[in-house]
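S.K.: Would you be able to build a 3D model of this:
(chains A, B, C, D and E)
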Amino acid sequence: MLSFYLYLGTAVLLVGIGGLGLWRGPELLRRILALNVIGAGIFMLMVTLAYRPVMQGEPADSVLHALVLTGLVVAVSATAFALALLGRLLTRAD
Amino acid sequence: MSVVALILLFSMLLGIWRVLKGPALLDRLLTIQLFGSTGVAILLVLSKVFALPALLDVALLLAILAAAAPAALVQRLRQQKQRSRQRTSL
Amino acid sequence: MALLLFDLVLCALLLLLAGAAMLSRSLTQAVTLFIAFGVMMALAWARLKAPDLALAEAAIGAGLTGALCFTALVRYAKQPAYPQPALWRPLTFIGLVTALLLASLSQIPLQPSSAIPALVQQHLPQSGVSHPVTAVLLNFRAWDTLLELLVLLLALLGARQAPGDLPRYRGWSLSISWSRLLSPLLLLVSGYLLWRGAAAPGGAFQAGALLASGLVILRLNQQLSWLSWRHFWVRMLVLGGLLAFVLAGAVSLLLQDLGAVWLSWPQSIAGAVILIVESFATLAIAVTLTLLVVGEPKPEVADA
Amino acid sequence: MFPALLLVTLPLSAALLMLLWPRFARSLHVTVALLSVPLAGYFLQQILLHGEQQWLLGGWSPLLAIRWQADSLSALLLLLSALLHLLVSGYALAVQARDRLPAAFWPLSSLLLASLQALWLARDLFNWYVCLELLGMVAVALVTLSGDKALKPALNYLLFSLFASLCYLLGVALLYAGYGALDLPLLAGQLEANRLNAMALLLITLGLMLKAACWPLHIWLPAAHAAAPAAVSALLSALVVKGPLFILYLVWTELAPQAFWLPASYLFALAALGALLFGGIAALRTPYGKSLVAYSTVAQLGYATLALAFVLRFNLPEFVAALWLFVLAHALAKAASFLAMGELQQTLGSKQVSALKGASQTMPLAMFAFAVAGGSLIGLPPSGGFLAKWALLLGLWQSQQYFWLLVLAVATLLAAAYVFRVVVLAFDRAEPTAPDFAPQRLPQYLALLPALAVWAMALFSMPLLTLLKQEL
Amino acid sequence: MTIMLMISWLLLALGLMFFLAGSIGLLRFPDSFSRLHAVTKADTLGLGLLVLGLSLQSSWREGLLMALIWLIVMASGAVSCQLLARFSDEQPSESATQQED
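M.R.: From the prediction side, this is the model:
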């Protein structure tokens, strides 16, 4: 019960921290990291939601787990793409 | 048993100080190493606590990757060094 | 009690790492902290009884993201001196938004009203696999997974438009032989994860990501020079996952009667179809991620 | 199932084959583009004959499966995407040697088509997330085709797009927390008006508005659309920003509780007001030709947002018709104006608006295409833009929103000003900018085609109106 | 049985001590190289004891898997210690250039 709210709060705070990093930057790499932190917060929210049945002694919500897994792959792909663009931008700058 | 996990986590918490403080890059990479091995230990303990044998697989994966990571990172960082050396010589 | 304390310390660690990564002065520090954050996330997933995600996060957070971020970091050869941006204005705004979000969270019902978990359990026997997450990914919501593979492919296609050139140097013999020693083990374990996926946590993505890490260290240590988009077979591997998926969809559409819909595997062969699709997807994910992380091979430069 | 399925999988599998055998990329691409149009037409006809159709992918029960649903609106959008894709393919074929369009254009634009079609068909909140992410990444990859100069806008676009998807995902997660479902028709009418849902809908709306470049969240759009190759900007402006708008419309009209409609309508109306005024002014002031067209997209999206605001406020069928007529007319007109502007810039060798001096003499066809498309953007009768504006006016008159009539008048004047800014310059034949090479005729005709089509929309006004009015 | 359990707990406690010692070493040791030792060696030993303690409480299959994990961590500790040290040694000016704060 208490843990549930603890993780829920942490998830939202992670989103907030990521948002702060995204706003502040200043480097683009840090902004990309910040997006990942936001993503981690959202995924944590989803996994915590999937944990609700466990508190009643049932197995966790596997649909949410699957969604998060899909989301993780999407996030990693997008990060990789962004980092590739950033890398090109940086090598070109000099 | 979860006390064991708690203490392990606490020892990780101590390690964070070193990442923040540095001073050399080596110290930071070391902390990743510490997180890897302590993380493996915590996963082993959690697998016992929750009776989830699947967490052993996670520990195995983390162990292997923690083994692979330094080889990749060091190689990458050497490229960085080489690159900045090239640039200063230009 | 100890578990609650464990949760408390874990959450504190997560927030501390994320916050420090966002606010730290140097970028190297931020990246290191972020990798540590990835490891902690894997622990959090393990704590929340999501072993599938813990596997995936361990493979991504500890392996690939680290390699990716360090690759980008390498390009920031000398760190440009940015003025330290203001903190208070964003902090107030974000704090406000976060508080609003937190306030709305209190209305989340503790007892989920969803019928989905029960439905998953009910249809699991017809799905061809016995692990619910795999059943959702490869059967119930297979269309999502297909599109997700497409997103991964697109990341590669996009990244290929922006090739960055990094000189390569011969590794030390220790690191080369270590990577040679490690790679069969990686291959073995990823095969194991793939095979486990049908009945237990594991599956295509975890196996693929692990395999990719193996390929990446081999590539960084000057091996596998054949691994390039120019080779037809490498392209075949990259596209294989999607092709297998689409073909499986088409074939099972033809095998069934006219009323059948897209991506419904006939029950008798569902297990086999899923295994085939997953195997190709694993290879595709592995090769795609590797190409994303290390790019195209370039002629080797002698060690300076 | 088959026509809908083929509309998605044909471009998808063709793109895979193109990547595998790059030699056949062009021929495969053209084949698929040619096949898609009659297929989409046939599909629309089927839907009109038999009414809306739906499929649960994989054949599982509704809560578990992803739902595809095709009503007449979806079918119309499917056809529109296929048509514009064919047109842009033709243009790309005509100019690829001259503009040195990278080979990656062919598979990427096929994938763009596939992801758009998948988006129009889906009725699942999470599947939409994946589609949006896919669409965003294809769009960014296409922008990077113009080389290093597009890197910065492309990266910016990608970061905004990722942030927007994350907002959307967070909103979807909050909805799932309350109701445990992702399927749109199942969730429809279920939502209560509480804090949690308000937050969820706000996040979803924020994400979608960012992706649809609604003012003031449009800042990424002008740079990205202006930096892309002309063929790509045409696709991006005409189609890609409409995807999130479609989702936004469905989420608000089907999902959101009625109690939220009024505040949301104020929000949308405010965004529309900003877009119409500031978008128009920015288009008037920018020195670059393609930026002008891109800012015009921002302004024109304001009309659609305004129509959406009034759909939520007064629930009149006129507004629904106006919304989708704007989308159709804008898609055609914007494709024409981007292709024409791209052609003018390429041939005259400068990005500046001022370089268009005397273009009516040097490149009359392209200039004509731009002017005709501009007529629809302004809303001159009897163009498609006029049709949309007329529907909007009717609705506004019925609901007695006289202030908005004034806004509409100002926005129309602004649109006329930025279109005439180009046209007047083009008729200044004193010292025309000399073209770098002899203008090609085929691409100019291809740019003219959608411009004429948007005027031809007036001929089909009755069937279009009846089709769209049924929507609500 | 209880004796086994007691031994197991003893081993666990011992393992924990080594982990804590490693962390404290990372904090307190004066230079990077000694910190390197503290982490890679103490943790490896700690993990070994932990694995031994845990495997007394579990089935032989799990025990085997844990032993494999330990083996990997041990080897990787040794190798990465070498690699990191060499990397650090290769750039004597590194601590000066990388000193950020």
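
S.K.: Can you tell me the closest non-neighbouring residue to the closest residue to chain E within the stretch 51-200 of chain C?
M.R.: Closest to chain E within the stretch 51-200 of chain C is residue C:178: 5.0 Å, counting by Cβ to the nearest Cβ. (Each C-beta comes from the backbone N, C-alpha and C, glycine too.) Nearest non-adjacent residue to residue C:178, counting by Cβ to Cβ, 6 or more residues apart in numbering or on different chains: residue E:79, 5.0 Å away.

S.K.: Quick check: the gap between the one you found and residue E:44.
M.R.: 12 Å (Cβ to Cβ, to the nearest Å).

S.K.: Could you do residue D:466 as well?
M.R.: 76 Å.

S.K.: Looking at these two, which is more packed in?
M.R.: Comparing residue D:466 with residue E:44 by other Cβ atoms under 10 Å in any protein chain shown, the one with more neighbours is residue E:44, at 20 against 12.

S.K.: can you pull the contacts of the residue of chain E found nearest chain B?
M.R.: In chain E, the residue that lies nearest chain B is residue E:76 (3.0 Å; Cβ to the nearest Cβ). Contacts here follow Cβ atoms under 8 Å, 6 or more residues apart in numbering or on different chains; on that basis residue E:76 touches B:63, B:66-68, B:70.

S.K.: If we use 7 Å, what do you get?
M.R.: B:66-67 (Cβ atoms under 7 Å, 6 or more residues apart in numbering or on different chains).

S.K.: Tell me, what's the model's pLDDT at it?
M.R.: Predicted confidence (pLDDT) for residue E:76: 83.

S.K.: One more: the one 5 residues further on?
M.R.: pLDDT, the model's per-residue confidence, is 81 for residue E:81.

S.K.: just the one 4 residues further on next, same as before
M.R.: Residue E:85 is assigned a predicted lDDT (pLDDT) of 80.

S.K.: re earlier: my guess is the residue of the stretch 51-200 of chain C closest to chain E meets residue B:72, correct?
M.R.: No. Residue C:178 lies out of contact with residue B:72 (Cβ atoms under 7 Å); the separation is 10.8 Å.

S.K.: In terms of neighbours, single out the busier of those two.
M.R.: A count of neighbours by other Cβ under 10 Å puts residue B:72 above the other of residue C:178 and residue B:72, at 28 against 25.

S.K.: doesn't residue D:39 make contact with residue D:6?
M.R.: Yes. Using Cβ under 7 Å, residue D:6 makes contact with residue D:39 at a distance of 5.9 Å.

S.K.: hey, where'd the helices end up in the chain?
M.R.: Looking at chain A here, since you left the chain open. A:2-24, A:28-50, A:52-55, A:62-93 (DSSP state H).

S.K.: wrong one, I was asking about chain E
M.R.: Using DSSP H, the helices of chain E run over E:2-28, E:32-37, E:43-55, E:60-90, E:94-97.

S.K.: Mean neighbour count, these: which tops it?
M.R.: helix E:43-55 (a mean of 23; mean count of other Cβ atoms under 10 Å in any protein chain shown).

S.K.: and that helix, what does it pack onto?
M.R.: helix B:25-49, helix E:2-28, helix E:60-90 (3 or more Cβ pairs under 7 Å, 6 or more residues apart in numbering or on different chains; DSSP states H and E).

S.K.: Disregarding residues adjacent in the polypeptide, which is nearest to the most centrally placed residue in chain E?
M.R.: Geometric centre of chain E, nearest residue: residue E:43, 1.5 Å, by Cα atoms, centre = their mean. Spatially, and ignoring its direct neighbours in sequence, residue E:43 is nearest to residue B:37 (4.2 Å; Cβ to Cβ, 6+ apart).

S.K.: Spell out the secondary structure type for the closest residue to residue C:115 other than its chain neighbours.
M.R.: Closest residue to residue C:115 apart from its sequence neighbours, by Cβ to Cβ, 6+ apart: residue D:63 at 6.0 Å. Here residue D:63 is recorded as coil under DSSP: H, G, I helix; E, B strand; the rest coil.

S.K.: how deep is residue D:63 tucked in, by neighbour count?
M.R.: Residues contacting residue D:63 under the criterion other Cβ under 10 Å number 20.

S.K.: give the contact list for it.
M.R.: Neighbour list for residue D:63: C:115-116, C:119, D:181, D:183, D:186 [criterion: Cβ under 7 Å, 6+ apart].

S.K.: If we use 10 Å, what do you get?
M.R.: Contact analysis of residue D:63 by Cβ atoms under 10 Å, 6 or more residues apart in numbering or on different chains lists A:63, C:114-116, C:118-120, C:140, D:56, D:180-183, D:186.

S.K.: Likewise for residue D:386?
M.R.: Contacts of residue D:386 (Cβ under 10 Å, 6+ apart): D:325, D:329, D:375-376, D:378-380, D:393, D:454-455, D:457-458, D:461.

S.K.: residues in contact with residue 4?
M.R.: Went with chain A since none was named. So residue A:4 contacts A:48-49, A:51-52, A:54-55, C:7, C:48, C:108, C:110 (Cβ under 10 Å, 6+ apart).

S.K.: try chain E instead
M.R.: Per Cβ under 10 Å, 6+ apart, neighbours of residue E:4: E:56-57.

S.K.: Phi, psi for residue D:124 please.
M.R.: Here is the backbone geometry of residue D:124 (degrees, to the nearest 10): phi -130, psi 130.
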